[in-house]
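1. Predicted model, plus sequence, below.
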Amino acid sequence: MAANPLLERATRFVSALRHCQVLGITVHAASEKGMTLALPYGSHIVGDPQTGVIHGGALTSLMDTACGMATLCVLPEFEVCPTLDLRVDYMHPAEPHKPVYGFAQCYRVTADVIFTRGFAFQDDPEQPIAHVVGTFMRMGKRLKGTQGLGSTIKGEQA
């Protein structure tokens, strides 16, 4: 079985994100076509104790992370790409006691912004729980040029 460098890089990155650690989010699949993350069901993410339905905030975190991680699928090198805008349209609640998967892909990359779309699902990707579109700002190149500004900003001029 051949190694998947994208999957390995995504797994390392997700495992370092604190909100992914708390929510239990892991990388399920990664390819040049997109990123799929998994959110396991747990009592700590239940929004309605009467029904056991997962809180919308946990699903939004899953989809924001999936869209952000999809940038790894299209960029040759890692870049810092914070979320500019994220829209989640919920179709129906997730079924309790089952994991939720979030798939996202990049459909347009410009010099400054990456455009993403995706969906959350459980058993069948054809029956999505939610659809998402998001935009992410490319900051990687700008940050490389600002190294060393910290000492100037703090007033410690050489």
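-> All right, it came through fine.

2. For this structure, just list every one of the strands.
-> 26-31, 34-39, 46-48, 53-54, 83-90, 100-109, 113-121, 130-137 (DSSP state E).

3. ok, now which ones touch residue 95?
-> Neighbouring residues of residue 95 by CB atoms under 8 Å, 6 or more residues apart in numbering: residue 122. For the C-beta atoms, the positions are set from N, CA and C on the backbone; glycine is no exception.

4. and it, backbone torsions?
-> Per-residue torsions, residue 95: phi -70, psi 130 (degrees, to the nearest 10).

5. do residue 128 as well
-> Per degrees, to the nearest 10, the backbone of residue 128 is at phi -70, psi 150.

6. So what's the residue count around it?
-> Each residue near residue 128 was counted by other CB atoms under 10 Å, and the total is 18.

7. do the one 5 residues further on as well
-> Around residue 133 sit 17 other residues, with neighbours defined as other CB under 10 Å.

8. if we can go back for a sec, okay, the strands of the chain, which one's buried deepest?
-> strand 34-39 (a mean of 24; mean count of other CB atoms under 10 Å).

9. Just list what it packs against, helices and strands only.
-> strand 26-31, helix 56-70, strand 100-109 (3 or more CB pairs under 8 Å, 6 or more residues apart in numbering; DSSP states H and E).

10. quick one: which of the ones you listed is nearest residue 11?
-> Comparison of the helices and strands packed on strand 34-39 against residue 11 by CB to CB identifies strand 26-31 as nearest, at 4.7 Å.

11. Do you know the pLDDT at the residue nearest to the spatial centre of the chain?
-> Centroid-nearest residue in the chain: residue 65, 1.5 Å away (criterion: CA atoms, centre = their mean). As predicted, residue 65 sits at a pLDDT of 97.

12. Isn't it up against residue 21?
-> No. At 11.7 Å, residue 65 does not count as touching residue 21 under the criterion of CB atoms under 8 Å.
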